[in-house]
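K.L.:
sequence and predicted structure below; questions after.
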Amino acid sequence: MARMRKKSELPSKICPVCMRPFTWRRKWARDWEHVIYCSVRCRGAAKTRPAKKI
């Protein structure tokens, strides 16, 4: 069984739409490099308005 990690030890990114940080989730384990948005709402908003530069 995998060792538990503290949330502060997990990698994080900043969503280009809402500019809030989000942390790694188990469901994103296989393609964390390709995860850009924190939620479905932000992914949908990115299609209607351009993303902000980080």
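P.N.:
Ah, there it is. Numbers count the residues shown, from 1 in each chain.

K.L.:
now for residue 17, how many residues are close by?
P.N.:
By other Cβ atoms under 10 Å, the residues close to residue 17 number 19. No exception for glycine: its C-beta is placed from N, CA and C like everyone else's.

K.L.:
my understanding was that it contacts residue 46; is that so?
P.N.:
Yes - using Cβ atoms under 8 Å, residue 17 is in contact with residue 46, at 5.3 Å.

K.L.:
any residues in contact with both of those two?
P.N.:
Residues touching both residue 17 and residue 46 (Cβ atoms under 8 Å, 6 or more residues apart in numbering): residue 37.

K.L.:
was I right about residue 36 contacting residue 16?
P.N.:
Yes - the criterion here is Cβ under 8 Å, and residue 36 meets it with residue 16 at 6.7 Å.

K.L.:
more neighbours: which of these two?
P.N.:
residue 16 (16 against 13).

K.L.:
that one looks like it's in a strand, true?
P.N.:
No - secondary structure of residue 16 (DSSP: H, G, I helix; E, B strand; the rest coil): coil, not part of a strand.

K.L.:
only alpha carbons, please: show the worst-scoring helix or strand of the chain on mean pLDDT as PDB.
P.N.:
Lowest on mean pLDDT, DSSP states H and E among the helices and strands of the chain sits helix 40-48, with a mean of 93. The C-alpha atoms that make up helix 40-48 are tabulated as PDB, following Å, rounded to 0.1, in the frame of the first residue of the first chain:
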ATOM      1  CA  VAL A  40     -15.000  21.500 -15.400                       C
ATOM      2  CA  ARG A  41     -16.300  25.000 -14.800                       C
ATOM      3  CA  CYS A  42     -12.900  26.600 -15.500                       C
ATOM      4  CA  ARG A  43     -12.300  24.400 -18.500                       C
ATOM      5  CA  GLY A  44     -15.700  25.600 -19.900                       C
ATOM      6  CA  ALA A  45     -15.000  29.200 -19.100                       C
ATOM      7  CA  ALA A  46     -11.600  29.000 -20.900                       C
ATOM      8  CA  LYS A  47     -13.500  28.200 -24.200                       C
ATOM      9  CA  THR A  48     -15.600  31.300 -23.900                       C
END
